[in-house]
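# got a structure for you, letters missing:
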């Protein structure tokens with residue numbers, strides 16, 4: 001079985017559901033790529049959340065008296081050992097999702113990352129389902145208090161961020177926006193510091209409406225499709241441009257000049273020993289367009305900044321360009 005390419009415009013509802021379990025959790029792609037890691041495996045964190053509560057209960061009520069009862073509370077296949085500590089050494093709630101909390105986090109992942117609901121949720125019940133999910137996740141986050149930078153919190157934040165965008169109400173955290181858009185959180189902060197990105201900042205977050213508009217121009221974003229029937233085919237993206245079009249130079253390695261190449265507040269344009277710093281992207285691009293051989297400084301794969309020369313030109317929407 002080959003997993004489909006994770007391209008939003010080509011994946012069906014069922015393929016998105018399979019991607020969450022087969023790729024994100026189980027890490028099916030490891031068979032083809034030894035460098036792949038299952039980014040969203042939350043099993044260890046969930047067990048530690050439960051173990052921390054069990055330890056407190058033992059300290060209050062007495063380990064000898066209460067430990068057998070804690071072990072008896074565990075349910076599901078493959079629960080082995082004679083104590084809950086022994087059971088936690090081998091049990092994986094991700095692979096055997098029989099706990100209510102496991103199902104809740106899986107639902108958050110399916111909805112948050114891929115914009116779909118489980119298969120057993122009927123079309124006419126999905127609006128109520130996503131609303132209820134958001135309430136349950138908010139409550140879980142307040143009561144369980146998972147690690148703020150952990151996997152569980154990241155999954156929950158993605159689902160809550162998507163719900164805010166789907167309803168057009170509330171705000172989106174910067175980490176979730178970066179994950180949705182396939183960029184770094186630092187890039188989001190750079191966009192917020194400029195005036196071209198279209199993102200509306202509220203404290204350390206952005207409005208859900210502006211986040212949705214920005215993501216609409218990102219090919220990496222899995223737009224919500226839970227509102228449509230499962231059998232509906234994926235929408236083919238329009239080949240026409242809907243926004244202002246700009247021409248940017250392309251280097252021999254396929255990289256091109258874009259707003260993300262700002263460094264210390266400057267874009268550096270020109271040949272070696274002849275570089276000129278520009279404050280804005282538009283000024284730098286205008287200079288490149290006038291040069292016989294456009295040259296600009298950008299980082300390589302190792303993060304080292306060097307000068308490259310343009311070999312061709314790329315046509316790209318301004319909205320998409322400003323999101324890079």
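Thanks, I have the structure now. Remember, it's a predicted structure, so these values are computed and weren't measured experimentally. Numbers count the residues shown, from 1 in each chain.
# figure out how far stretch 304-323 is from the centre of its chain.
24 Å (C-alpha atoms, centre = their mean, to the nearest Å).
# what of stretch 258-267?
The answer for stretch 258-267 is 24 Å, by C-alpha atoms, centre = their mean.
# gap between residue 58 and residue 49?
To residue 49, residue 58 is 16 Å away according to C-beta to C-beta, to the nearest Å. For glycine as for every other residue, the C-beta is placed from the backbone atoms N, C-alpha and C.
# buried residues in stretch 292-307?
By 16 or more other C-beta atoms under 10 Å, the buried positions in stretch 292-307 come out as 294, 295, 296, 297, 298, 307.
# same thing with stretch 271-281?
Here stretch 271-281 shows 275, 278, 281 as buried, counting by 16+ other C-beta under 10 Å.
# with stretch 79-91 instead?
Buried residues in stretch 79-91 (16+ other C-beta under 10 Å): 79, 84, 87, 88, 91.
# what bits of the stretch 51-200 of the chain have low per-residue confidence?
194-197 (pLDDT under 70).
# could I get the full set of strands for the stretch 151-300 of the chain?
171-173, 201-202, 205-207, 245-251, 267-269, 276-278, 295-299 (DSSP state E, counting those that start in this stretch).
# okay, the ones you listed in JSON lines with distance to residue 142 next?
JSON lines is the format used below for these (distance: least, C-beta to C-beta, whole Å):
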{"stretch": "strand 171-173", "distance to residue 142": "16"}
{"stretch": "strand 201-202", "distance to residue 142": "21"}
{"stretch": "strand 205-207", "distance to residue 142": "18"}
{"stretch": "strand 245-251", "distance to residue 142": "45"}
{"stretch": "strand 267-269", "distance to residue 142": "44"}
{"stretch": "strand 276-278", "distance to residue 142": "47"}
{"stretch": "strand 295-299", "distance to residue 142": "41"}
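# for these, which one sits closest to residue 311?
strand 245-251 (6.3 Å; C-beta to C-beta).
# circling back to that earlier point, nearest to residue 231, of the strands of the stretch 151-300 of the chain?
strand 171-173 (30.3 Å).
# gap between that closest one and the chain center?
Worked out by C-alpha atoms, centre = their mean, strand 171-173 lies 13 Å from the chain centre.
# quick one: strands adjacent to it?
strand 205-207 (antiparallel) (DSSP bridges).
# neighbouring contacts of the strand it pairs with?
Outside of strand 205-207, the residues within contact range by C-beta atoms under 8 Å, 6 or more residues apart in numbering are 171, 172, 173, 174, 177, 192, 199, 200.
# out of those residues, what pair is the most spread apart?
Maximum distance among the contacts of strand 205-207 (C-beta to C-beta): 14.0 Å, for 173 and 200.
# neighbours around residue 97, how many?
18 (other C-beta atoms under 10 Å).
# all helices for the stretch 201-324 of the chain, in order.
208-215, 281-290, 318-321 (DSSP state H, counting those that start in this stretch).
# and those, which one averages the lowest pLDDT?
Among the helices of the stretch 201-324 of the chain, helix 318-321 has the lowest mean pLDDT, at a mean of 74.
# thinking again about what came up before, ok, of the contacts of strand 205-207, which one's closest to residue 124?
residue 172 (27.4 Å).
# residues in contact with residue 169?
residue 208.
# from residue 102, how far out is the closest residue to residue 233 other than its chain neighbours?
Distance criterion C-beta to C-beta, 6 or more residues apart in numbering; nearest residue to residue 233, sequence neighbours excluded, is residue 12 at 7.3 Å. Per C-beta to C-beta, residue 12 is found 25 Å from residue 102.
# go ahead and flag the most central residue of this structure.
With the centre of the chain defined as its mean C-alpha position, the nearest residue by C-alpha atoms, centre = their mean is residue 179, 2.7 Å away.
# mind listing what the closest residue to that one other than its chain neighbours touches?
Here the nearest residue to residue 179 in space, its sequence neighbours aside, is residue 158; by C-beta to C-beta, 6+ apart that works out to 6.4 Å. With contact taken as C-beta under 8 Å, 6+ apart, residue 158 is in contact with 108, 109, 112, 113, 176, 179, 180.
# hang on, isn't residue 225 packed against residue 11?
No. Judged on C-beta atoms under 8 Å, residue 225 makes no contact with residue 11 at a distance of 9.1 Å.
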